[in-house]
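>>> kindly generate the corresponding structure for this input.
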Amino acid sequence: MIRLLLVLTLFSLSATFCAAQHPITAQETVPRWLGPFGYGSNMGVFAPHYYDKELATLLVGKPDGTVPGVGVNSLRPGLFEYFLEYFGYGIRLEHFKYYKSIGARNQVAIIGYPSEAHREKTEYCPGARSELFAGMYEPIWDDGINGTPVNENNPYALYCWKTANMYKGLIRTWEVWNEPDAVFSFTSAWKDPGMEGNWWENTPTPCEYTLRAPIFHYIRMLRISYEVFKSVDPNAMIAPGGLGWPSFLDLLCRYSDNPDGGAVTAQFPRTGGAYFDCMSFHSYPHIDNSLRTWDNSIGGFRYFRHSDAAVDGVWKLRDKFKTVLTKYGYDGVKFPQKIWINTEYGLPRKEFGDYIGSNEAQCNFVTKTLVTAQMNDMAQMFYYTSADEAPEGQSDSEFAYMGFFKNLNNVVPYEGERNLVSYAHKTTKQQLAGKTYDKAQTAKMQLPENVRGAAFSGDQGKYTYVLWATTKEDKVESSSATYNFPAALSLSKLEQRDWNHSMTGALSVIPANQIQLTGSPIFLTPVGGKKSNSKLPTNAVLYPNPAPRNRVVLSFMMQQEGKVTAELVDISGQVLQNLYNNQTIEPGPQQLPIDLSDRAAGTYFVRLTTPEGSETLPVVNLKN
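Residues are numbered from 1 along each chain as shown. Here you go, the predicted structure:
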């Protein structure tokens, strides 16, 4: 019956299609991004202890500090139709509420993937059944005949409507399918215009890519998603799911959802670009030829496998997508510009074959990507991924070793071993959270060719500067440069925090000239900035030592010499230990080790007091 219905739909569309359409599309308006910048992460499953809530906690942390997190403030889980149909549409409601309660915002949810009962049976590619939903060319709306405004004979529309109503306000962006343009080895997706079979001038066969269906059917998914989700939540955003091929984006903007060749007609009045607000792409520079080029003089590839080339590769790919959108009028003049997100990016920390792979390159790449993302008007970046897909030495895929944590299978919460990249990510988030890229101030830095970086403005005009020496050699992360801040910026002394500050807690005060840079980014803030001259310690933060776990280090800054009292207190305020007793502390960064080895596991507090006031910070004792 389903096969017959589909055939009849294709040949008698004018009789069965209901022209109900969301009156406003992304060619008229795009929701305003509400911020802040998204330091996102993909998730995963690691049995038997780490599922959605546990992974979210590990990535975001707990507000009381008992789980520190890795600097993540946005998550990308899935809400697949087959899963919701089996377990019920409310199965993940408490999870998304939990994400919000621990501080995650602007979640992206991957949607699609039909249950067997709702999957199309047609084989558009001989021997390979379509991956998409049956009945998508049934009318989207039926004026509430069966109790919902959508047509129950269109399973995808009904799924979108039920999901939108259940999770309204908990998800910002609905990403339609994950990597719908994923291809097979014989694809023409990579080919330039003029080459035989290229996607810029031809339509791909369903056999060429993962959906196994005509491209117009995916555009139909975008249209249904847009109309239904917007009818429930006008501020929701629709995105194509993490594209990798600019030629595929050209197809979306070139054709409508008309199954008859994608032609624009009265029944199919818009091309696919009208049905998404948010442009989502994926970037893995080590596999997309960003780090190599063919050289006829050597009869082979010339490689440049280092972090700055990898970062450049991310933005070269983004610019190719941007060129496509501009070509079709999504330039802020003819049509509104899209909001940009990247829902998968990363480099491996282990080398396989010709691919780049090291801890240093991975850490440098993550920090540099997050910095330059904000320079390139990105709204969110989602790291791939939460934890390694396999234990050490048990996989021959570089994608198995990209996680913030080592493999978590059979690891008790929250005892997972962190990879160094997690500290690079958290340091970047800590130093730049609440700050905005300042293009004008960056220009005033007058960075030379061998130095990269940016200025970020915060409260009261206080800046944070990020700097590094540009890497240039294949498989070499150790570069060097000397940088002097221009005299016009009136900087004298700066607090320096290295890429791993969230692990070490170390900082130093350096002059604003003759700054020695390496290939690893550093974060610099003016000492004192534009704040008052209070003697009260500022920037007081607690950092756990890597080992032993029952020692922490309190790092704080004295703006000028003053007497400080520091006390370890319990939750009732009772003083357990005097750490400083009216001790004179000189100006500059300070570090105070605190030994908790004789304390029970739990939350304690350090109270810092000067004649000008006091600050109290929580200390969490995590027993081995």
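>>> just the element for residue 82, please.
For residue 82, the enclosing helix or strand under DSSP states H and E is helix 81-87.
>>> what pLDDT, on average, does that helix get?
The average of the pLDDT scores along helix 81-87 is 98.
>>> could you give the separation of the longest strand anywhere in the chain from the chain centroid?
Secondary structure of the chain per DSSP state E: the longest strand is strand 575-585. Remark: strand 575-585 is offset 42 Å from the chain centroid, using CA atoms, centre = their mean, to the nearest Å.
>>> averaged pLDDT, it. What do you get?
Strand 575-585 comes out at a mean pLDDT of 83.
>>> which strands or helices does the next helix or strand after it pack on?
Of the helices and strands lying after strand 575-585 in sequence (DSSP H and E), the nearest is strand 588-595. Counting contacts by 3 or more CB pairs under 8 Å, 6 or more residues apart in numbering; DSSP states H and E, strand 588-595 packs against strand 508-511, strand 551-558, strand 575-585. (C-beta placed from N, C-alpha, C; glycine too.)
>>> tell me the strands beside strand 588-595, with direction?
strand 551-558 (antiparallel) (DSSP bridges).
>>> elements contacting whichever helix or strand comes after the strand it pairs with?
With elements assigned by DSSP H and E, the helix or strand that comes after strand 551-558 is strand 562-569. Counting contacts by 3+ CB pairs under 8 Å, 6+ apart, strand 562-569 packs against strand 575-585, strand 602-610.
>>> what comes up buried for stretch 478-495?
Neighbour-count burial for stretch 478-495, counted by 16 or more other CB atoms under 10 Å, picks out 479, 481, 483, 485, 491, 494-495.
>>> and the contacts of that stretch?
With CB atoms under 8 Å, 6 or more residues apart in numbering as the test, stretch 478-495 has contacts from 444-448, 450-451, 465, 467-473, 507-519, 524-527, 539, 557, 589.
>>> drop anything exposed from those.
Listed as buried from the contacts of stretch 478-495 are 445, 447, 451, 465, 467-471, 507, 510, 512, 515, 517-519, 524-527, 557, 589; burial here means 16+ other CB under 10 Å.
>>> how about residue 126, phi and psi?
Main-chain dihedrals, residue 126, degrees, to the nearest 10: phi -50, psi 120.
>>> show me the contacts for the closest residue to it other than its chain neighbours.
Closest residue in space to residue 126, ignoring its immediate chain neighbours: residue 207 at 7.8 Å, by CB to CB, 6 or more residues apart in numbering. By CB under 8 Å, 6+ apart, the residues touching residue 207 are 125-126, 128, 184.
>>> related to what we said a few turns ago, the longest strand of the chain packs against which elements?
strand 562-569, strand 588-595.
>>> flag the shaky bits of the protein, pLDDT-wise.
Scanning the chain with the threshold set as pLDDT under 70 gives 1-23, 528-551, 555-557, 559-560, 571-573, 587-589, 611-624.
>>> can you spell out the domain ranges of it, please?
Following automatic domain parsing, the chain resolves into domains at 1-23+77-276, 436-526, 538-621.
>>> what's the closest of these to residue 327?
Taking CB to CB, domain 1-23+77-276 is the member of those nearest to residue 327, at 7.5 Å.
>>> before we move on, back to that, so which of the helices and strands packed on strand 588-595 is the most packed in?
Among the helices and strands packed on strand 588-595, strand 551-558 has the highest mean neighbour count (mean count of other CB atoms under 10 Å), at a mean of 20.
>>> report how many residues lie close to residue 32.
Residue 32 has 8 neighbouring residues, counting by other CB atoms under 10 Å.
>>> next: residue 63.
By the measure other CB under 10 Å, the count of residues near residue 63 is 12.
>>> same deal with residue 329?
With other CB under 10 Å as criterion, residue 329 counts 14.
>>> what of residue 350?
Residue 350: 19 neighbours (other CB under 10 Å).
>>> looking at it, it is touching residue 357, isn't it?
Yes - between residue 350 and residue 357 there is a contact under CB atoms under 8 Å: 4.6 Å.
>>> quickly list what's touching both of those two.
398, 401.
>>> hmm, who's touching the helix holding residue 82?
91, 111-118, 133, 155-156, 159, 162-163.
>>> flag every buried residue along it.
Under 16+ other CB under 10 Å, the buried positions of helix 81-87 are 81-82, 84-85.
>>> need these in JSON lines with distance to residue 438, can you?
Below are the buried residues of helix 81-87 laid out as JSON lines (distance: CB to CB, whole Å):
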{"residue": "81", "distance to residue 438": "44"}
{"residue": "82", "distance to residue 438": "46"}
{"residue": "84", "distance to residue 438": "43"}
{"residue": "85", "distance to residue 438": "48"}
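>>> which of those residues lies closest to residue 170?
residue 84 (14.3 Å).
>>> which residues touch residue 221?
Contacts for residue 221 (CB under 8 Å, 6+ apart) come out as 112, 132-133, 136, 156, 176-177.
>>> before we move on, back to that, closest to residue 575 among the buried residues of helix 81-87?
Lowest distance from residue 575 to those (CB to CB) belongs to residue 84, with 53.1 Å.
>>> quick check: that closest one vs residue 328, distance?
Between residue 84 and residue 328 the distance is 34 Å, computed by CB to CB, to the nearest Å.
>>> before we move on, the earlier item: what about the contacts of helix 81-87, which are in strands?
Counting by DSSP E, the contacts of helix 81-87 place residue 111 in strands.
>>> what is the burial count for residue 172?
Neighbour count for residue 172, taken as other CB under 10 Å: 24.
>>> need the nearest residue in space to it, chain neighbours excluded.
Leaving out its chain neighbours, the residue that sits closest to residue 172 by CB to CB, 6+ apart is residue 106, at 4.2 Å.
>>> could I get the phi/psi values of that neighbour?
Main-chain torsions, residue 106, degrees, to the nearest 10: phi 50, psi 50.
>>> and the helices in the protein?
Remark: helices assigned in the chain by DSSP state H are 2-11, 13-16, 52-60, 81-87, 93-101, 155-167, 215-232, 246-254, 307-327, 359-375, 420-432, 439-444, 501-504.
>>> quick one on the thing from earlier: counting neighbours, which of the contacts of residue 207 comes out on top?
That'd be residue 125 among the contacts of residue 207, by other CB under 10 Å, with 17 neighbours.
>>> follow-up on the earlier one: residue 241 is nearest to which of the helices and strands packed on strand 588-595?
Among the helices and strands packed on strand 588-595, if distance is taken as CB to CB, the winner is strand 551-558, at 41.5 Å.
>>> gap between the residue nearest to residue 409 when sequence neighbours are not counted and residue 76?
Computed as CB to CB, 6+ apart, the closest residue to residue 409 that is not its neighbour in sequence is residue 46, at 5.1 Å. Distance, residue 46 to residue 76, using CB to CB: 16 Å.
>>> equivalent analysis for residue 552, please.
Noted for residue 552: a distance of 32 Å to residue 76, by CB to CB.
>>> for residue 131, same thing?
With CB to CB as the criterion, residue 131 and residue 76 are 20 Å apart.
>>> again, but for residue 527
Distance, residue 527 to residue 76, using CB to CB: 38 Å.
>>> could you do residue 95 as well?
Distance from residue 95 to residue 76, by CB to CB: 13 Å.
>>> more crowded one of the two?
Neighbour count, other CB under 10 Å: between residue 95 and residue 76, residue 76 has more, with 26 against 16.
>>> quick check: bridge partners of that one?
Residues in beta-bridge contact with residue 76 (DSSP bridges): residue 42.
>>> isn't residue 73 right next to residue 100, touching?
No - using CB under 8 Å, residue 73 is not in contact with residue 100; the gap is 11.2 Å.
>>> a markdown table for the domains of the chain, including distance to residue 69?
Below are the domains of the chain laid out as a markdown table (distance: least, CB to CB, whole Å):
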| stretch | distance to residue 69 |
| --- | --- |
| domain 1-23+77-276 | 8 |
| domain 436-526 | 10 |
| domain 538-621 | 12 |
